[in-house]
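1. Take a look and give me a structure for this.
(chains A and B)
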Amino acid sequence: MTAKRQDLPEAVGRLLADRGRALTTYAYLLCGDVHDAEDLLQDALVKTYARSRGGVPLDSAEAYARRAMLTLYVDGWRRRERWTARRHLLAEPDAAPNAADDVAARADVMAALRTLPRRQRACVVLRFYADLTVAEIGEELGISHGAAKRYLSMGVHALEERLGPLAGAGAEVELVEEVQS
Amino acid sequence: MIELGRAMQDAADAALGGRPVVGAAGVVSRVRRRQAARSVGTGAVGMAAVGAVVVAGVQGGWWRDAGPVATPTTSAPEPSPRPTPPPGSWPAVQVAAGERFECGQPVPTILDPAGEADLHLEATIARELAFDTSDPNASWEPPAEAFAPLAGTELTQGDYWVLEVAMVNDAAATLVGGEYGGAEPTGVIVKDGVMVGQVTEEGEPAVAYGYGTLTLEPGAREARRTSVRWTACPAGSAVRALPGGEYDLYVLHSIGTEAPHKVPFEGDPGILVTSIDPIITLVGGPYPVTLQDGVVPSSIDQLNEYSCEHEPPGGAEDVQVSFEGLISFGCRAGTVLPIGWEIPEPVPSTSLLTWNPAYCAESPAPGRWVEVWTAGAGGRSPYFEVDVVDRRVVRIDAFMESTPEGIITRSSTLEQVQRAYPGLELLASAADTGHGVDAWAVTENDTTIVFEIGVDPAVSGQYGVGTVTAISLLAPGTTYDHPATGSAMCH
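-> As a prediction, this is how the structure comes out:
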């Protein structure tokens, strides 16, 4: 099924209904702000559907949207600057009651992620959230395998300096040593 | 040891909470705007489809003298018997080969064949209709009678306009090309001979359409419409306003080799698009226009799915206070009343303000600038009030309740305001002033927003003590000398 013009509302609506939360989560982990994430997702969807007059295969739309978000984010995403000036207008929702430790841990993780340069952060999200291999990360970002390794390793090291040891990060740590040696 | 993947998922879940997923309507609306190039051929259109007959009797090259216009027929289609010269050699008003419009650069050389017998562009423009995203067949296109010549038009920045650019063949010849395509018409803004702005570009490849075998009879007129917004250089996804004033606009329409091919889509060669390698760039203008000041486009058009057909320039419920002034989340998304605005003479028709000499007639300084929704009503504005000194807006008091989700507005709680504005400080307490409200303030770039929080139930309104009763915006240098809540307009 393709998103022909007359099917556009249905196609977009269906994608958002089925995968909207997952896409928003992905956007949030990339940009670290709820409103920016929603903005980024919208931009990505517009790029996904506007580019193809022939339609986007529905089963591919999510992948295209993810890639669009990734590229927009890594490329600097100029729209973010405009939102920054308005973000103060938006009231954050009341936080749901949670154990203090959990809240602190989440805050720590997001704060640590925010310290990473965009490419490093993208690599970390792709590796630990999207569960991609280093080779797949390189393909997603359009960079070499070696560059993906380097960004990921640097990102993991920076996170571990703030968060302590990360489960499953051993491979990346080794990569750092490999790069540094 | 932290499991990073799980921690990230938990963090996202906590942050997103019960927030609804972004709506499809906004995406659909924007996609449709991008896909909006349309053919609206008018008059003697000579665009023949691929394979249709090329006008017989072509003599002496690629164009023939005007004479009886042969009627194209599809009964016996024949391909052109020989190659036809490219559009680059047409007698057309065009940008000189090898040159182009560039931001910050002087207008390139424009070739204009002697006399009037040429192929040229003509441009008209109309304000775009409000777009009903709930109706899949809704049109953003204004009716034909709404289009006015571009020259002399007063344009608001931030709004969507429909630009119609027509190729008009006034040459005494039929222009016969090969199989070419065209890009969407576009436009550039020029000040003092230098390009300073252009039509919004959103980073998309040029949308192309096929001409097939291009044939323009004498008198032929082929028009295309596109949805545009004007933006300052450099173009990009960020839409920035230009200072209000007089400008020259040029419209451009490129014809070239249409190249349908798969292009990298965010690194993936999976989507087929077409683009144009220009052979000729037709140019029209300069058209003198006036760009209105003070309307700053912004990204909030993403939230902009409200109809403004019946309550221009946007409903009061769509308006909110920012450090820039009153901004609208409605169909006229953008800053609709900047703080510090020097009200020009004459006042723009789209201004939210009008001078009403009947207001405060008994005060030492009769007359007030009032907002247009209640002008002449004789009472206090339910939405906002302004203090104007020497035609400069120095204070805006807002009383409206904005509807977009998550916006700090009248009825928001102090806790919500504090979360949104971490730098909020108590400016004046009700205990000290006796006004019944605490004034909490936050300042950026010398502009201050004051949130009045009800303390006395008598002035706290329907939302009760502890909620915002009014929001005031103070221009740099303006002192908060009275509360907005409960104050008299003719103070």
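
2. Enumerate the residues of the stretch 351-491 of chain B near chain A.
-> The stretch 351-491 of chain B has residues B:406-408, B:412, B:416-417, B:419-421, B:442 near chain A, with proximity defined as C-beta under 8 Å from any C-beta of the partner chain. C-betas here are computed from N, CA, C, even on glycine.

3. Which one of these is nearest to residue B:459?
-> Sorting those by distance to residue B:459 puts residue B:412 at the head of the list, at 16.3 Å, by C-beta to C-beta.

4. Looking at pLDDT only, which of the residues of the stretch 351-491 of chain B next to chain A scores worst?
-> Note: of these, the lowest pLDDT belongs to residue B:406, at 55.

5. returning to that earlier point: now distance to residue B:223 too, for the residues of the stretch 351-491 of chain B next to chain A, in CSV please.
-> Shown next, in CSV, are those (distance: C-beta to C-beta, whole Å):
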residue, distance to residue B:223
B:406, 43
B:407, 41
B:408, 46
B:412, 49
B:416, 51
B:417, 51
B:419, 52
B:420, 48
B:421, 50
B:442, 51
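
6. for chain B, what helix or strand is lowest in average pLDDT?
-> Counting by mean pLDDT, DSSP states H and E, the weakest-scoring helix or strand in chain B turns out to be strand B:63-65, with a mean of 26.

7. Name the next helix or strand downstream of it, please.
-> Past strand B:63-65, further along toward the C-terminus, the next helix or strand under DSSP states H and E is strand B:94-95.

8. Next secondary structure after that next one?
-> Per DSSP H and E, strand B:94-95 leads on to strand B:110-111 as the next helix or strand towards the C-terminus.

9. Could you identify the helix or strand that succeeds that following strand?
-> On the C-terminal side of strand B:110-111, the nearest following helix or strand under DSSP H and E is strand B:119-127.

10. who touches the helix or strand just after that next one?
-> Note on strand B:119-127: by DSSP H and E, the next helix or strand toward the C-terminus is strand B:148-149. With contacts defined as C-beta atoms under 8 Å, 6 or more residues apart in numbering or on different chains, strand B:148-149 is touched by B:123-126, B:287.

11. Paired strands for strand B:148-149, with orientation please.
-> When sheet partners are counted by DSSP bridges, strand B:148-149 sits next to strand B:119-127 (antiparallel).

12. Select the longest helix from chain A.
-> In chain A, taking DSSP state H as the definition, the longest helix is helix A:8-31.

13. What's the biggest helix in chain B, counting residues?
-> If you go by DSSP H, chain B has its longest helix at helix B:4-16.

14. mind checking the end-to-end distance for stretch A:112-128?
-> 14 Å (C-alpha to C-alpha, to the nearest Å).

15. Could you do stretch B:344-355 as well?
-> Using C-alpha to C-alpha, the end-to-end distance of stretch B:344-355 comes to 12 Å.

16. For it, buried residues please.
-> Across stretch B:344-355, burial judged by 16 or more other C-beta atoms under 10 Å in any protein chain shown covers B:348, B:350-353.

17. Lowest-confidence one in those residues?
-> residue B:350 (64).

18. hang on, the earlier thing: considering the contacts of strand B:148-149, which possesses the most neighbours?
-> When neighbours are counted by other C-beta atoms under 10 Å in any protein chain shown, residue B:125 leads these with 26 neighbours.

19. Quick one: residues contacting that residue.
-> Contacts of residue B:125 (C-beta under 8 Å, 6+ apart): B:147-148, B:150, B:153, B:155, B:161-164.

20. ok, now with 6 Å
-> Residue B:125 sits next to B:150, B:153, B:161, B:163 when contact means C-beta atoms under 6 Å, 6 or more residues apart in numbering or on different chains.

21. Kindly indicate which of the buried residues of stretch B:344-355 lies nearest chain A.
-> Minimum distance to chain A across those is 18.6 Å, recorded for residue B:352 (C-beta to the nearest C-beta).

22. Mind checking the pLDDT average for the helix or strand residue B:195 falls within?
-> Assigned by DSSP H and E, residue B:195 belongs to strand B:194-199. Mean per-residue pLDDT for strand B:194-199: 86.

23. List the contacts of it.
-> Outside strand B:194-199, the residues that touch it by C-beta under 6 Å, 6+ apart are B:101, B:103, B:105-106, B:186-189, B:228, B:230-233, B:235, B:242.
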